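A.B. asks: compute the structure for the input listed below.
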Amino acid sequence: MRNSCSIPKSCNAAPPQAYNSPRPTEVYARAIRRVSQFCDCCPDRLSTEQLAVYFAELVDLHSWTTVKVDRNSLQFFWRHVLKRDRSWVIRAPKIQALL
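C.D. replies: As a prediction, the model looks like this:
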């Protein structure tokens with residue numbers, strides 16, 4: 001059975017200025033929904049362990065662009081909507097160019 005998730009109205013802040021067009025707002029909302037559905041938990045209650053499992057699977061299934069978009073969306077959600085700080089350890093690998 002799914003947990004019902006009702007985020008308080010105070011958490012319904014608009015995404016940052018860069019997200020003011022419809023497409024980036026969609027991407028931001030999709031990232032929040034995707035992690036909530038994966039963990040079967042409201043995004044404001046996600047633990048570090050749940051995020052580690054989520055991102056480990058995301059890295060295996062999607063491109064680094066998707067991983068970074070989800071990370072940045074969640075980072076915005078915690079910093080600007082929930083007013084919390086969260087440490088983010090997921091980073092794209094550095095790839096050396098062939099010369």
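A.B. asks: hey, let's count contacts and neighbours off CA atoms from now on
C.D. replies: OK.
A.B. asks: give me the number of residues near the residue nearest to residue 58 when sequence neighbours are not counted?
C.D. replies: Spatial nearest neighbour of residue 58, excluding adjacent residues (C-alpha to C-alpha, 6 or more residues apart in numbering): residue 67 at 6.4 Å. Residues contacting residue 67 under the criterion other C-alpha atoms under 10 Å number 22.
A.B. asks: and the strand or helix carrying residue 35, what's its mean pLDDT?
C.D. replies: When elements are assigned from DSSP states H and E, residue 35 belongs to helix 22-39. Throughout helix 22-39, pLDDT has a mean value of 87.
A.B. asks: then that helix to CSV, C-alphas only?
C.D. replies: Extracted in CSV, the C-alpha atoms of helix 22-39 (Å, rounded to 0.1, in the frame of the first residue of the first chain):
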residue,chain,number,x,y,z
PRO,A,22,7.1,25.3,-18.5
ARG,A,23,9.7,22.7,-19.6
PRO,A,24,12.2,23.1,-16.7
THR,A,25,9.4,23.2,-14.2
GLU,A,26,8.2,19.9,-15.6
VAL,A,27,11.7,18.4,-15.3
TYR,A,28,12.0,19.7,-11.7
ALA,A,29,8.6,18.2,-10.7
ARG,A,30,9.3,14.9,-12.5
ALA,A,31,12.5,14.5,-10.5
ILE,A,32,10.7,15.0,-7.2
ARG,A,33,7.9,12.6,-8.2
ARG,A,34,10.4,10.0,-9.4
VAL,A,35,12.3,9.8,-6.2
SER,A,36,9.1,9.9,-4.1
GLN,A,37,7.6,7.0,-6.1
PHE,A,38,10.9,5.0,-6.0
CYS,A,39,11.2,5.3,-2.2
